[in-house]
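Trainee: sequence first, predicted coordinates after that:
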Amino acid sequence: MELLKKMCKIHAPSGEEAAMKEFLLDHIKKNQDNWKVKPTIHFGDGFQDNLILVFGNKPRTAIFAHLDSIGFTVKYNNEIVKIGGPVTTEGIVLVGKDTKGNVEGKLIKKEEKLFIDIDREIERGTSLTFKADFRDTDNFVQSCYMDNRLGVWNCLEVAKTLENGIIVFSSWEEHGGGSVGYLGGFIYETYGVKQALISDITWVTEGVKHGEGCAISLRDSGIPRRSFVNKIVSIARNSQIPFQLEVENAGGSDGNGLQKSNYPWDWCFVGAPEDNVHSPDEKVHKKDIFSMASLYKKLLEEL
Amino acid sequence: MELLKKMCKIHAPSGEEAAMKEFLLDHIKKNQDNWKVKPTIHFGDGFQDNLILVFGNKPRTAIFAHLDSIGFTVKYNNEIVKIGGPVTTEGIVLVGKDTKGNVEGKLIKKEEKLFIDIDREIERGTSLTFKADFRDTDNFVQSCYMDNRLGVWNCLEVAKTLENGIIVFSSWEEHGGGSVGYLGGFIYETYGVKQALISDITWVTEGVKHGEGCAISLRDSGIPRRSFVNKIVSIARNSQIPFQLEVENAGGSDGNGLQKSNYPWDWCFVGAPEDNVHSPDEKVHKKDIFSMASLYKKLLEEL
Amino acid sequence: MELLKKMCKIHAPSGEEAAMKEFLLDHIKKNQDNWKVKPTIHFGDGFQDNLILVFGNKPRTAIFAHLDSIGFTVKYNNEIVKIGGPVTTEGIVLVGKDTKGNVEGKLIKKEEKLFIDIDREIERGTSLTFKADFRDTDNFVQSCYMDNRLGVWNCLEVAKTLENGIIVFSSWEEHGGGSVGYLGGFIYETYGVKQALISDITWVTEGVKHGEGCAISLRDSGIPRRSFVNKIVSIARNSQIPFQLEVENAGGSDGNGLQKSNYPWDWCFVGAPEDNVHSPDEKVHKKDIFSMASLYKKLLEEL
């Protein structure tokens, strides 16, 4: 879990994914010689801070994992406003950096507004993220930003043995979206691929429990095409890998972005569930993490 | 009205439009020899469960009718969540199917949650629709899913004599949209067509009454380009066909999806009004149905 | 300010931008011989009522200014519904035109509904705008529709000396958007340009004051890519032109439309702040107007 721990500390809220991109480019460079297939990497001009890895000559499915995290932006007089939907419990420790140096302070509230409690004025527009406290126990990993550094970690696991397939690292998922439309368009037009799996983290709920396997989402706020979802469930059933079926009417993912894009994507959300969503204490069961990686490997082979 | 009656019974909530697609492909196959022009049909790979019929060599206008209906998805322990915006009056009869067989039960409420009242646990993700009770009287037809099986029926009426034009059967209109962007893109790029009529059902209101003709919507939540709408009103005025002008600030249609897509579509909603919107008792005046079909034929000729 | 005054009076709510388009085409025709570079103009078929001006052979940045304004649509019995988000204080004078002639009347409220107070029934669908009262003092200009006729005016100022760059006049920004997706697509595919500046008007707030220079927005409801925004701030800092940094979590612009489009646009909102937003009394400090024009000239040279 050292790789995951490292990634949970990287400061990359929506709009500032560059640090995650650099980390991944470096990781890929150092590790790809040990991967079964060396991928073609699309990045840079025309791709903003996103990355696309293409494995093999016959990719049929693309995995999408978002690089960005939730956080806050400093407004005026140390007031802060949300990036995405973070919890805002008083006392949460936030970190960032402006031209005067590192920033660290607790979240406080005054008359329904949020502030960072610190003894100097932070520069306007400075972004803040949760201070990472990574906890690795026998059964669980816990930290801020399991959503979605764990989805990214899952892609890097799959990458080790992937023969044909595409991995996409996207931006802005937590705040307004806007990258998967053109990334999906590039993939559809260049490789003819239109099947997508969303490698992201979901919620522990009444119907989805810790330790019972990765969740396959039948729907959330978005409704994927049922015939595609059925294929995935069928492969999962035949795989012996534990999994849980999820049905929600709220929440969304890059799947919605693909659906609303001008390309005919089929998509399905497949991801481990977490407790303490969008807090510094996001907690995921290790069995669900391993189930997720195993299921993705199987799906990329059989879809 | 036998064709309409058949279609109102087909189980095809958003995401599961395949049954409507199959029904239409079969209907077209059986009937197209009696149509003035035999259309080119685009469907299958790259079109999900949508259909595009192209009539003649010089199409100028496309009609969009959505295949999907509102409904419910089974969550956990027979709780149900909405697909689109159905009414949720207790006692409404819902039907569906899971691997254990047919499902039929009444909608009930417990502590602000919705459930289907039935003596076994329905499988997660099973979709439910209203049980159809089609009523055909002298002046009215009444059933669930006039919205939008009547819009589809209208297209099949127009198809009989259409010489140049396009008919699109789309998906997900009731829940998030996502198909007309790429369907419109395909049409624009392949045929250069960018005029759209939205064949869908609207509301009986203070300003739009039963039996006074099909409504031409000047706006709803979306505002179409006025110069295009004016052309349509002008053709309608010269046609002797009764119609009503509608102005709303809520509600939307595939028109919004076209407007937000990356193509320069002009669009206008033209459709009969119904009472008891999004319930099992959607009621439309026959005069308005015939006005709608006549107006579409005229518009496809003159636009 | 005569040009600005003229434009503030033009009736062009969302969906009816044609009048602004005609005014601009005429203005360009009359003035372009005095401009440093004569632009290529894209308009007409396939562009709806939008305009794209391309200056020089090597454009790198596009300025987007929306043509449309907020307003109202007449519903039934002189009830009116909003176009975009206008203020609705009773007594505001509204103007428009239907086939019976000019319309002028005061906004009134009855049981939470809005009406225009006038002695005849206005035709359904008639659009109404604020009656313009343009006030030009030593320090301020004040009128309805500074948002966004001032953004358009800024483009016409920049046009005088622009050597390489693109100016886009867009539609529907105040109500649902839908034009910048395809306009941006055309520009990206034809000219390879993917840097955008949003020439629009923002709010005087706790952090952004009258007379302290044009605002560069670090974020609003949308979050632009930080590395692009940083470039703009850095050029502004080196320019000696006064400016203010803005951070908001609400409000949006054509920037959001570009972000959600299927093209990899970087965008930043750069515009003067106004008081009395979306009212007949929008008020902007002249220093901020001149700062805005100067900053755009600098940015178009250096970006």
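Mentor: Nice, thanks for sending it over. Given the structure is predicted, the values throughout are model-derived calculations rather than measurements. Numbering: from 1, shown residues only, chains lettered A, B, ... in the order given.
Trainee: C-alpha only now, for contacts and for neighbours.
Mentor: OK.
Trainee: tally of neighbours for A:L162?
Mentor: Other residues lying near A:L162 total 25 when counted by other CA atoms under 10 Å in any protein chain shown.
Trainee: check contacts around it.
Mentor: Listed by CA atoms under 8 Å, 6 or more residues apart in numbering or on different chains, the contact partners of A:L162 are A:W35, A:K36, A:V37, A:F55, A:K297, A:L300.
Trainee: quick check: which element contains A:K298?
Mentor: In the assignment (DSSP states H and E), A:K298 maps to helix A:286-302.
Trainee: centre of the chain to the longest strand seen in chain A, how far?
Mentor: Scanning chain A for the strand with the most residues, using DSSP state E, yields strand A:101-110. Centroid separation for strand A:101-110 versus its chain: 25 Å, with CA atoms, centre = their mean, to the nearest Å.
Trainee: tell me the buried residues in it?
Mentor: For strand A:101-110, the neighbour count (16 or more other CA atoms under 10 Å in any protein chain shown) marks A:V103, A:E104, A:G105, A:K106, A:L107, A:I108, A:K109 as buried.
Trainee: go on, stretch A:186-201?
Mentor: Result for stretch A:186-201 [16+ other CA under 10 Å]: buried residues A:F186, A:I187, A:Y188, A:V193, A:K194, A:Q195, A:A196, A:L197, A:I198, A:S199, A:D200, A:I201.
Trainee: per-residue confidence at the last one?
Mentor: What the model reports for A:I201 is a pLDDT of 98.
Trainee: ok, it touching A:P273?
Mentor: Yes - the pair A:I201 / A:P273 is scored as a contact, 5.7 Å apart, by CA atoms under 8 Å.
Trainee: picking that back up, counting by contacts, list what the longest strand of chain A packs against.
Mentor: Where contact means 3 or more CA pairs under 8 Å, 6 or more residues apart in numbering or on different chains; DSSP states H and E, strand A:101-110 is packed against strand A:93-98, strand A:113-117.
Trainee: please work out which of these is packed deepest.
Mentor: strand A:113-117 (a mean of 20; mean count of other CA atoms under 10 Å in any protein chain shown).
Trainee: for that strand, what is the average pLDDT?
Mentor: For strand A:113-117, the per-residue pLDDT averages 98.
Trainee: what's the answer for stretch A:285-292, then?
Mentor: Mean pLDDT, computed over stretch A:285-292, is 98.
Trainee: who's in contact with that stretch?
Mentor: Stretch A:285-292 is contacted by residues A:139-141, A:154, A:210-214, A:241-243, A:270-274 when judged by CA under 8 Å, 6+ apart.
Trainee: ok, now stretch A:25-37?
Mentor: For stretch A:25-37, contacts defined as CA under 8 Å, 6+ apart pick out A:K38, A:P39, A:F55, A:G56, A:A159, A:K160, A:T161, A:L162, A:E163.
Trainee: so which bits of that stretch are buried?
Mentor: The neighbour-count check on stretch A:25-37 (16+ other CA under 10 Å) flags A:I28, A:W35, A:V37 as buried.
Trainee: which of those fall within helices?
Mentor: The members of those that map onto helices under DSSP state H are A:I28.
Trainee: for chain B, state which of the buried residues of stretch A:25-37 is nearest.
Mentor: A:V37 (28.1 Å; CA to the nearest CA).
Trainee: does the closest residue in space to A:R60 that isn't next to it in sequence belong to a helix, a strand or coil?
Mentor: What sits nearest to A:R60 in space, not counting adjacent residues and going by CA to CA, 6 or more residues apart in numbering or on different chains, is A:V193, at 5.4 Å. Assigned with DSSP: H, G, I helix; E, B strand; the rest coil, A:V193 falls in the coil class.
Trainee: hmm, A:V193 is touching A:A62, no?
Mentor: Yes - shown here, A:V193 and A:A62 form a contact pair, counting by CA under 8 Å, at 7.1 Å.
Trainee: how close does A:E16 sit to chain B?
Mentor: According to CA to the nearest CA, to the nearest Å, A:E16 and chain B sit 26 Å apart.
Trainee: ok now the helix holding A:K298, how far from the chain's centre?
Mentor: Relative to its chain's centre, helix A:286-302 lies at 16 Å (CA atoms, centre = their mean).
Trainee: then stretch A:112-123?
Mentor: 28 Å.
Trainee: still on that earlier bit, relative orientation of the longest strand of chain A and strand A:113-117 in degrees?
Mentor: Comparing the axes of strand A:101-110 and strand A:113-117 via axes from the mean of the first three to the mean of the last three CA atoms, to 10 degrees yields an angle of 140 degrees.
Trainee: quick one: average pLDDT of strand A:101-110?
Mentor: pLDDT averaged over strand A:101-110 gives 98.
Trainee: and the angle for that strand with strand A:93-98?
Mentor: If you take the same axes, to 10 degrees, strand A:101-110 sits at 130 degrees to strand A:93-98.
Trainee: hmm, who's touching strand A:101-110?
Mentor: Strand A:101-110 is touched from outside by A:88-97, A:114-118, A:122, with contacts defined as CA under 8 Å, 6+ apart.
Trainee: partners of that strand in the sheet?
Mentor: When sheet partners are counted by DSSP bridges, strand A:101-110 sits next to strand A:93-98 (antiparallel), strand A:113-117 (antiparallel).
Trainee: got the CA coordinates for it in CSV?
Mentor: Extracted in CSV, the C-alpha atoms of strand A:101-110 (Å, rounded to 0.1, in the frame of the first residue of the first chain):
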residue,chain,number,x,y,z
GLY,A,101,5.1,29.4,1.9
ASN,A,102,3.3,26.4,3.3
VAL,A,103,-0.2,26.8,4.7
GLU,A,104,-1.6,24.6,7.5
GLY,A,105,-4.7,25.3,9.6
LYS,A,106,-8.0,24.1,10.9
LEU,A,107,-11.3,24.5,9.3
ILE,A,108,-13.6,26.8,11.3
LYS,A,109,-17.1,28.2,10.8
LYS,A,110,-18.4,31.8,11.4
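Trainee: can you give me the helices in chain A?
Mentor: Counting by DSSP H, one finds helices in chain A at the ranges A:2-8, A:18-31, A:146-159, A:180-191, A:226-239, A:254-260, A:286-302.
Trainee: can you put the ones you listed in TSV and add distance to C:S14?
Mentor: TSV is the format used below for the helices of chain A (distance: least, CA to CA, whole Å):
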stretch	distance to C:S14
helix A:2-8	45
helix A:18-31	37
helix A:146-159	39
helix A:180-191	26
helix A:226-239	38
helix A:254-260	23
helix A:286-302	47
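Trainee: who wins for proximity to B:E248 among these?
Mentor: Relative to B:E248, the nearest member of the helices of chain A by CA to CA is helix A:254-260, separated by 24.6 Å.
Trainee: can the closest one be said to contact chain C?
Mentor: No - Helix A:254-260 is not in contact with chain C by CA under 8 Å from any CA of the partner chain; minimum separation 8.6 Å.
Trainee: so what's the model's average confidence on that helix?
Mentor: When pLDDT is averaged over helix A:254-260, the result is 97.
Trainee: list the contacts for the residue in the stretch 101-250 of chain A that chain B sits nearest to?
Mentor: As assessed by CA to the nearest CA, chain B sits closest to A:R225 within the stretch 101-250 of chain A, at 4.5 Å. Counting by CA under 8 Å, 6+ apart, A:R225 makes contact with A:D266, A:W267, B:G15, B:E16.
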